[in-house]
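S.K.: Got a predicted structure plus its sequence, pasted below:
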Amino acid sequence: MKRRVKPTIGLLAGLRSRNPRGTLRQQLETGRRWGRVIGGLAVSLASLQTTLAGGPKGDSVEHHSVEHETNLSLAPEANDLPIPAPVSSGPYSHHIDQYRDRVFQNGAHAEGRPSHWFRNSPSLSSCEPLNGEASQLDPQVVWWDADVTRPLGLEQQHTAVDASGLAQTALIASPYVRSLLTEPQISMTDIVIADSQFDPLTFLDANYTDTNDPVGSELTTGDQSDRFRDNLFASSAGVRKKLTSGGNLEVVQRGGFQSNNSTFLTPNPQGTSRLELNFSQPLLRDHGKAVNRTRVILAKIDAQVTNSEVREEIQTHLVDVTTAYWELYQARAEWLQRHRLLASALEMQAVLQARGGVDSQQRQILRANVAVAKRQADLVRIETRIRNAQSKLRLLTGDRQFVQFAQFEMVPVERPLMQCIELSTRDATLTALDNRPDIVQSLQQMHAVSTRVGAARNQVLPQLDLLLSSYVSGLDTNRNTIGAIGRQFSEGRPTYSAGLIFERPWGNRANQARLRRNRWEWTRSYAEFQQTTEAAITEVEIAVRETQTLFNELIAKQHSTVAAAREVEYLRQRWTHLPDPNENAILLIENLLDSQERLADEERGLVRAQVAHALSWVMLRKAMGVLLVCDVADVSPIMSNAPSIISAELEPFGGMIDGDELSLPADSDWSLP
């Protein structure tokens, strides 16, 4: 598949601002029409919505207007994520059964309904994280979680965004996704090209020759003429067709007329005609439908491989979109944390300045001023991170509305998962075996190599072709070609011939070498399938383990944040109410400011752990191959040079040929007749 430039934040420097074309109403209408075109992708996002939000459970928030702020309405979603339908892997899908059996033997029996890939895990239920403490976050500790979903006041207007909505927008509007969706359609044209070799071919040719040559022999004209003058017209029209059995059939009607000054031409002038039927059929090499449709089968396999590759690329793009969303969430959360940290420094500065004439020292005030300046600088940098994250989202989604609303503040309304969800490694692995694109690709590669092996086995056979031919001819006077055509059916009888052609290279080394090479390629493809499957199983195990571990790490970060908050409160109380006269006042302020910085660092670590845990769910579903499950070959972008998206009917190229089963021919199809 052709490499494409993946949209990244590094490309933002090359983007230029421009005025969007059309009104918002028109853009929404074209978006709705485009959404109907790729309805298959939208259906698959039904199970993607809560996953992109950070896990199987989340909060769904109604979007509020971009002009006015409204109250956010939170409603819990059901924890019901059925496994999508397995992806077709071709005739070699039974090779996965051995891995399924191994997973069943090594894994415990799943509890609950089999359609759910979540279940109670014995490893988690028997070992609660961190000495039996609560396995969920305390909303009072993650105080910024609710404030992130409200405007920060960075811009005058704001618009609500959520991970699932951004993913749907990227699938609809992203030029990168639209370019990817052209690949399956391009590969499907190769199927038509390969199958077109069996289309009938009509031909027509005609030739007129006026000859005027000197005579060097009396046998040329039969008299004493000095020049040979001949007028000859010849034409042919007919149909040729290559059969799927390997044979070639030709029906051709020839006709013409001739007149010259030779005494040997009788009648002179004359009209001629000839109707021919020619047929050739290989009996050994190139015999049978299996070997002659090899190109078609390989083209279909290549189309399915391209389908899997595109699905993998789109899933990677969805991960990038979701990552950018959570980067925006993280930057806004850190802005709130740093804003609170700045407020505490400003409060200390105000107190010290108010007590400057009583007991505050100038050095204390200067130290508070340094802390305020430093925290203001940190806040400026985080504001830039927020705007950079918004720009990255505009690039990844490719939505023109975001370009129009470039000066709007994006408010994320989906929050990370707050509680622990227990996973089943066995169920996740079984789902990956049925849905991962790389496993499907390796199976299709085995199918393709096996097809080449069968074709190479046929090419080892000697060439033995049967030739059959028959024709009827007619002759008439006065250049009457039409009369000659009529006489070819009324006079005489058909002429026929039959023959055989045999050919075999001495030693047949080239074809034997090709067969050995294809068999070695089969061995290599099977080894690659084994390696791909083992790597997929390992990746799923690691993804499940990382998801569980990240939540435990999240709880640990919560404990360290609580401890840091207690230290800050203790030092603040001592500085405010119970100062020690024997303790250095500067040292006490230094300790308080340092503890506030440590608390901010712990809170930043906690929100990063929140984002990492949210992304781990997305990576887990990607590792399972169910982040996006649909046949992308059924979805095609609109071929148009217009600046806006225009709705059109789909024209799948697969319907232009007869729908053959994509299966490997039986051994008997390759054998001798």
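M.R.: Noted; the coordinates are in hand.
S.K.: This protein: strands as residue ranges?
M.R.: Secondary structure of the chain (DSSP state E): strands at 59-61, 74-76, 158-161, 201-214, 227-242, 248-260, 270-282, 409-412, 463-477, 495-503.
S.K.: Could you tell me which ranges of the stretch 251-400 of the chain sit under the pLDDT cut-off?
M.R.: Counting by pLDDT under 70, the ranges of the stretch 251-400 of the chain that qualify are 356-360.
S.K.: actually the chain, not the one I wrote
M.R.: If you take pLDDT under 70 as the line, the chain has these spans: 1-88, 107-135, 356-360, 403-406, 577-585, 629-673.
S.K.: Longest helix in it, please.
M.R.: When the chain is parsed with DSSP state H, its longest helix is helix 509-576.
S.K.: Can you name every helix or strand that it contacts?
M.R.: Using 3 or more CB pairs under 8 Å, 6 or more residues apart in numbering; DSSP states H and E, the elements in contact with helix 509-576 are helix 97-106, helix 129-132, helix 425-435, helix 437-459, helix 585-624. Every C-beta, even on glycine, is put in place using the N, C-alpha and C of the backbone.
S.K.: 6 Å - rerun?
M.R.: helix 129-132, helix 425-435, helix 437-459, helix 585-624 (3 or more CB pairs under 6 Å, 6 or more residues apart in numbering; DSSP states H and E).
S.K.: that older thread, looking at the strands of the chain, which is nearest to Met418?
M.R.: Of all the strands of the chain, strand 59-61 sits nearest to Met418, with 9.3 Å by CB to CB.
S.K.: thinking again about what came up before, most packed of the strands of the chain?
M.R.: strand 409-412 (a mean of 22; mean count of other CB atoms under 10 Å).
S.K.: partners of that strand in the sheet?
M.R.: Using DSSP bridges, strand 409-412 pairs in its sheet with strand 158-161 (parallel).
S.K.: just to revisit the earlier point, tell me what angle the longest helix of the chain forms with helix 437-459.
M.R.: 180 degrees (axes from the mean of the first three to the mean of the last three CA atoms, to 10 degrees).
S.K.: Centre of this structure to the edge, which residue is at the far end?
M.R.: Gln224 (82.2 Å; CA atoms, centre = their mean).
S.K.: For that residue, which non-adjacent residue is spatially closest?
M.R.: Nearest residue to Gln224, sequence neighbours excluded (CB to CB, 6 or more residues apart in numbering): Glu218, at 7.6 Å.
S.K.: Give me the number of neighbouring residues for that neighbour.
M.R.: Neighbour count of Glu218, defined by other CB atoms under 10 Å: 10.
S.K.: Kindly report the same for the one 5 residues further on.
M.R.: Other residues lying near Asp223 total 10 when counted by other CB under 10 Å.
S.K.: contacting residues around it?
M.R.: For Asp223, the contacting residues are Thr263, by CB atoms under 6 Å, 6 or more residues apart in numbering.
S.K.: if I look at it, how far off is Lys622?
M.R.: Counting by CB to CB, to the nearest Å, the gap from Asp223 to Lys622 is 92 Å.
S.K.: Next: Leu318.
M.R.: 8 Å.
S.K.: Same drill for those two, tell me which one is more crowded.
M.R.: With neighbours defined as other CB under 10 Å, Leu318 and Lys622 compare such that Leu318 has more, 28 against 22.
S.K.: how near is the more buried one to Ser308?
M.R.: Taken as CB to CB, the span from Leu318 to Ser308 is 16 Å.
S.K.: What of Ser187?
M.R.: For Ser187, the distance to Ser308 - CB to CB - is 11 Å.
S.K.: Also Val453?
M.R.: Distance of Val453 to Ser308, computed by CB to CB: 22 Å.
S.K.: One more: Glu569?
M.R.: The value you get for Glu569 to Ser308, if CB to CB is used, is 56 Å.
S.K.: Name the residue in these two with the higher neighbour count.
M.R.: More neighbours surround Ser308 than the other of Glu569 and Ser308, with 23 against 12 (other CB under 10 Å).
S.K.: Verify the stated contact: Ala331 with Ile386.
M.R.: Yes: with contacts counted by CB atoms under 6 Å, Ala331 reaches Ile386, the gap being 4.6 Å.
S.K.: Between these two, which is the more surrounded one?
M.R.: Just comparing Ala331 and Ile386: by other CB under 10 Å the higher neighbour count belongs to Ala331, 23 against 20.
S.K.: Show me what Asp230 bridges to in the sheet.
M.R.: In this entry, Asp230 is beta-bridged to Thr211, Asn260, by DSSP bridges.
S.K.: Would you agree it is in contact with Asn260?
M.R.: Yes: the criterion here is CB under 6 Å, and Asp230 meets it with Asn260 at 3.8 Å.
S.K.: Check the gap between the residue nearest to Gln224 and Asn212 for me.
M.R.: According to CB to CB, Glu218 stands 18 Å off from Asn212.
S.K.: quick revisit: how far away from the center of its chain is the longest helix of the chain?
M.R.: What separates the centre of helix 509-576 from the centre of its chain is 21 Å, taken as CA atoms, centre = their mean, to the nearest Å.
S.K.: just to revisit the earlier point, reformat the strands of the chain as a markdown table; add distance to Ala432.
M.R.: Output for the strands of the chain, formatted as a markdown table (distance: least, CB to CB, whole Å):
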| stretch | distance to Ala432 |
| --- | --- |
| strand 59-61 | 28 |
| strand 74-76 | 28 |
| strand 158-161 | 30 |
| strand 201-214 | 48 |
| strand 227-242 | 43 |
| strand 248-260 | 48 |
| strand 270-282 | 45 |
| strand 409-412 | 29 |
| strand 463-477 | 48 |
| strand 495-503 | 51 |
